[in-house]
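Q: Take a look and give me a structure for this.
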Amino acid sequence: MNLSLFLLSIAIALIAPLIAVRHLRPILVRVLTSLCHDEPNAAEFWVRSAYLLAVSGTLILMLLFGNFSAGASLLEVLHRALLLVCAGVFITIAMIARNIWKQVIARMRTQPLPPPLPQAH
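A: Below you'll find the predicted structure:
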């Protein structure tokens, strides 16, 4: 096992999901606050959960399927690391989006739609 390749892969697996969830954080907080009936602590809990899911899921994938062998080239390691990180982030964001969408649909069923906006002629 090549220690420097291992550490590089782990660093990528930690940093990439943090960047992805940080990018989503502002809108995610607003949506979750709305869905959690203006309970800011509830929204913060779910955002922090998203961070943990993204990082831990990506780390698990990296530790299970990463290439850290002594004979591996840097390009091979980066290729595998980026594939695993993208898969981990994609799965996490897909789970979050799916669960939020379920709540949006449920809210739309219980609340009437707002009246349509007047059209300009």
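Q: alpha carbons only for contacts and neighbour counts from here, please
A: Will do.
Q: Can you mark which positions in the lengthiest helix in the chain are buried?
A: If you go by DSSP state H, the chain has its longest helix at helix 74-110. Within helix 74-110, the residues that count as buried by 16 or more other Cα atoms under 10 Å are 77-78, 80-82, 84-86, 88-93, 96, 100.
Q: which regions of this protein lie under the pLDDT threshold?
A: 38, 40, 112-117, 120-121 (pLDDT under 70).
Q: Need the residue closest to the centroid of it.
A: residue 93 (3.8 Å; Cα atoms, centre = their mean).
Q: Now for that residue: which residues touch it?
A: In this structure, residue 93 makes contact with residue 54, judged by Cα atoms under 8 Å, 6 or more residues apart in numbering.
Q: same question, residue 39
A: Taking Cα under 8 Å, 6+ apart, we find residue 39 in contact with residue 33.
Q: so how far is residue 33 from it?
A: 6 Å (Cα to Cα, to the nearest Å).
Q: same question, residue 61
A: Residue 61 sits at a distance of 31 Å from residue 33 (criterion: Cα to Cα).
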